[in-house]
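Visitor: Pasting the sequence and the predicted model now:
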Amino acid sequence: MNIILIFISAAVVNNFVLTYFLGLCPFVGVSKRLSSAVSMGMAVTFVMAISAAVTWLIYNLLLVPYHIEILEYVSFILVIASLVQLVEMFVRKVSKPLYDALGIYLPLITTNCAILGLALFAVLRHYGFVESLVFGLGAGAGFTLALVIMAGIREELELADVPKYFRGAGITMIIAGSLALAFMGFSGLISI
Amino acid sequence: MSTSARMIVVLTLIVTVSGGVLSSWDSYTAPKIQHHRLVELRAAIADVLPEHDRYDELALPAQTLYVGRKATGEPVGIAFIAKGSGFQGVISIMVGVEMDFTRLTGIKVLEQIETPGLGTKIVTDPTNKANPLWFPEQFVGVRPEPEITVIKNRPPTTETEIQAITGATITSRAVVKIINDALKQAQIEYQSSLGKKVS
Amino acid sequence: MGKQKSAITREFIKGLWDENPVLISLLGLCPALAVTNSAINGLAMGLATTFVVVCSSIIISSLRKVIPHQVRIASYIVIIATFVTVADRFMAAFYPAISKALGPYVPLIVVNCLILGRQEAFASKNNVGRSLLDALGMGLGFLMVLFTLGTIREVLGSGTFLTYQVMGDWFQPWLVMVLPPGAFIMLGLLIGLSNWINDRRAKA
């Protein structure tokens, strides 16, 4: 399985947000400002890549050999929660303004379905270690891409006259629909 | 008890109880889940091979072949699962061939996530009221000489052709490629396994 | 007695509309879009989520004085993940067709912000009885939205309802409805509609 194809597929053709509906909470919540969208995207990509690697190790070196695959969900989410905790501490130390900008959304990366979804998909598709890692990077890139596009649009939208009842979440969903429609054009670009 | 100790104790207890509950739940549900998988497999094999009374599993290095046999032991055909990339994701197909691999006895799409209403016609086509299963049924009796070929916009005229779904050419071609590739591999594997048995 | 009763029922009712998890709080969006391509899928996901949030709330509420503050999130997550595994295996064992249709979205109930949100905001601070009502109300509110969305998308996108043909042969299904774009747009419209309804109720 070509690694480049996995990356492109996860980032564009089968974009995690617009095709698989993963990572929507931050997608709606953090996409108001371009700068916070980029920061969130990078934080998520980082967590995704490492989660992909660590969950692969746990699944293949611990759960499968001891036939305790039933602990998949519990172990994966614990790994992700710990990783997010580490990232949180790291960001706080390295850049306080960034930490403040991301606010509540940083710990909320734990409940970002995209990360757990990524780990689960990698298991379902029987990816190897490197493939899972690349899959994680691609998924993160795709998430960042969707988030950044949405933030760009929403910044412009502040000057537009959005109908009263659609302001906020309503119009965001409808724009997401148009984006999803556009991204469907990538289907079949490459076979996964 | 100090707070750190308490933290560790509580968390460990919760994880242990969780592990225990899940283990017993696993023992209870695993056999049922296994049973469903087996039922599905049997149904798929029954769909693609001619009438038979049982099947033997032949576990080869790259895949498992299922040889259907009548009660007398006479083999009726070989079934195996072919997998590959479709338009949107992986397509998994149960393929049935005659013992000498010269003709297909049938196919059944097991898993796919193709475009609803277009690519999904490989499973069933509700827009064709006369025969919704026209696409998979085309494969019955098809001769891979040396491969199955795909044609568009007209019904097949030879025994090696099948007609693609209008508007779902990529999915149709993917299905044929998956079957062609798997056929070649299964044939090589089967014949080498026969060779091993003889010697 | 009357006042007490209405306070208790309020815990239940708030989840159904006023604080509806999907339409008002925008929680649980991922499953709300992913598995609502048919009414039965939406219903099944709603039931599974309700099961998990109710069971988790009961356990976490009972243990609320025992779990130390620093490890509360980790504890809640383990408890939630356990119930999700139970629900997932239950469906795979007894309703394999639906389990296949819902696929990887059942385990994703673990990270449904709705559930962790209820534990953090309510179950960890209230008694078991009230937590149960709160969880039930939220779960059912979630289920209602999923079922509605699933129904609309199925009727318009496939012409069927619970797999029974409801639109005549004249109807050409709106394919986009069962695809991602349709899901987003439909949810956006529902949110707009609920905002309009709430606005009129406030004025009335």
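Guide: Thanks, I have it.
Visitor: elements contacting the longest helix seen in chain B?
Guide: Ranked by residue count under DSSP state H, the longest helix found in chain B is helix B:3-48. The helices and strands touching helix B:3-48, judged by 3 or more C-beta pairs under 8 Å, 6 or more residues apart in numbering or on different chains; DSSP states H and E, are helix A:72-94, strand B:75-85, strand B:90-97, strand B:104-111, helix C:72-94, helix C:96-102. Where you see a C-beta, it was placed from the backbone N, CA and C, and this is true even at glycine.
Visitor: Next, format the ones you listed as a markdown table and append mean neighbour count, distance to B:Val48 and mean pLDDT.
Guide: Shown next, in a markdown table, are those (neighbours: other C-beta atoms under 10 Å in any protein chain shown; distance: least, C-beta to C-beta, whole Å; pLDDT from 0 to 100):
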| stretch | mean neighbour count | distance to B:Val48 | mean pLDDT |
| --- | --- | --- | --- |
| helix A:72-94 | 18 | 32 | 87 |
| strand B:75-85 | 21 | 5 | 90 |
| strand B:90-97 | 23 | 3 | 91 |
| strand B:104-111 | 21 | 4 | 92 |
| helix C:72-94 | 22 | 25 | 92 |
| helix C:96-102 | 17 | 20 | 87 |
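Visitor: Can you say which of those is nearest to C:Pro180?
Guide: For C:Pro180, the closest of the helices and strands packed on helix B:3-48 is helix C:96-102, at 16.3 Å, according to C-beta to C-beta.
Visitor: So is the closest one next to chain B?
Guide: Yes: Helix C:96-102 comes into contact with chain B (C-beta under 8 Å from any C-beta of the partner chain), by way of C:Pro96.
Visitor: which is the next helix or strand following that helix?
Guide: Once the chain leaves helix C:96-102, the next helix or strand it forms, by DSSP states H and E, is helix C:113-118.
Visitor: Report the buried residues of the helix or strand that comes right after that following helix.
Guide: Counting by DSSP H and E, the element after helix C:113-118 in chain order, helix or strand, is helix C:128-158. Using 16 or more other C-beta atoms under 10 Å in any protein chain shown as the test for burial, helix C:128-158 gives C:130-158.
Visitor: Redo the helices and strands packed on helix B:3-48 as JSON lines? Include distance to A:Gly140.
Guide: Output for the helices and strands packed on helix B:3-48, formatted as JSON lines (distance: least, C-beta to C-beta, whole Å):
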{"stretch": "helix A:72-94", "distance to A:Gly140": "13"}
{"stretch": "strand B:75-85", "distance to A:Gly140": "23"}
{"stretch": "strand B:90-97", "distance to A:Gly140": "22"}
{"stretch": "strand B:104-111", "distance to A:Gly140": "27"}
{"stretch": "helix C:72-94", "distance to A:Gly140": "22"}
{"stretch": "helix C:96-102", "distance to A:Gly140": "25"}
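Visitor: Low-confidence regions, chain B specifically.
Guide: B:1, B:88, B:196-199 (pLDDT under 70).
Visitor: so whichever residue of it sits closest to chain A bridges to which residues?
Guide: In chain B, the residue that lies nearest chain A is B:Ser85 (3.7 Å; C-beta to the nearest C-beta). Taking DSSP bridges as the rule, B:Ser85 bridges to B:Val90.
Visitor: so which of the helices and strands packed on helix B:3-48 gets nearest C:Gly46?
Guide: So among the helices and strands packed on helix B:3-48, helix C:96-102 is nearest, using C-beta to C-beta, at 11.0 Å.
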